[in-house]
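J.: model this:
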Amino acid sequence: MMNELCMTVQASDPARTIVSNKKRGDSLEKKRSILIVDDAETIRFFLKTTLKSEGFNVFEADNVVNGFKQLGEESIDLVILDLGLPDMDGMEMLEALHYDEPSLPVIIFTVRDDRETKIKAYEFGARGYITKPFDIDEILDTITSILDCDPNAKL
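T.: Now for the predicted structure:
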């Protein structure tokens, strides 16, 4: 199934936009695990329910400390990370992950929509940046594109 076309295309951030012609889940030979780090319980619940229905294993954390705990206990393939967390800024977690686990894909999921934050997130290795309020299809497509097409994604 991996012989289907996956390519990187240029957009507002040339090295970061990934496009795939595959349908969601086409090449998920094994259940992939996603960690959601967000302090909003309703958002975690919605994402967890949606991602489980798409065939993912889902873990969740309400702050950075619990996020690192989950990363130490579980085999995680991708992190969805909010920046506005109660114990520290999610950007600090992203920076630590960038240096400790550079192959672990992280999607920033935040209300912050300013250019400087986006640039900093990509400098620290974010593979996607989605602003709230969000479109669930955008999240699912971003996850699928990263896990199916990104040669640097942790497998």
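J.: Tell me the buried residues in stretch 99-119?
T.: Going by neighbour count (16 or more other C-beta atoms under 10 Å), the buried part of stretch 99-119 is 104-110, 112, 117-118. C-beta coordinates here come from the backbone N, C-alpha and C atoms, glycine included.
J.: Identify the residues contacting the residue nearest the centre of the chain.
T.: Closest residue to the average C-alpha location of the chain: Ile107 at 2.9 Å, with C-alpha atoms, centre = their mean. By C-beta atoms under 8 Å, 6 or more residues apart in numbering, the contact list for Ile107 reads 78-81, 126-130, 139, 142-143, 146.
J.: One more pass at 6 Å, please.
T.: Applying C-beta atoms under 6 Å, 6 or more residues apart in numbering to Ile107 gives the contacts 80, 128, 142.
J.: pLDDT at it, what is it?
T.: As predicted, Ile107 sits at a pLDDT of 98.
J.: now it: how far from Gly125?
T.: 11 Å (C-beta to C-beta, to the nearest Å).
J.: Could you do Leu85 as well?
T.: Counting by C-beta to C-beta, the gap from Leu85 to Gly125 is 18 Å.
J.: Which of these two has more residues huddled nearby?
T.: Leu85 (23 against 18; other C-beta atoms under 10 Å).
J.: Touching, the more buried one and Asp38? I think so.
T.: No - if you go by C-beta atoms under 6 Å, Leu85 and Asp38 don't touch, sitting 7.7 Å apart.
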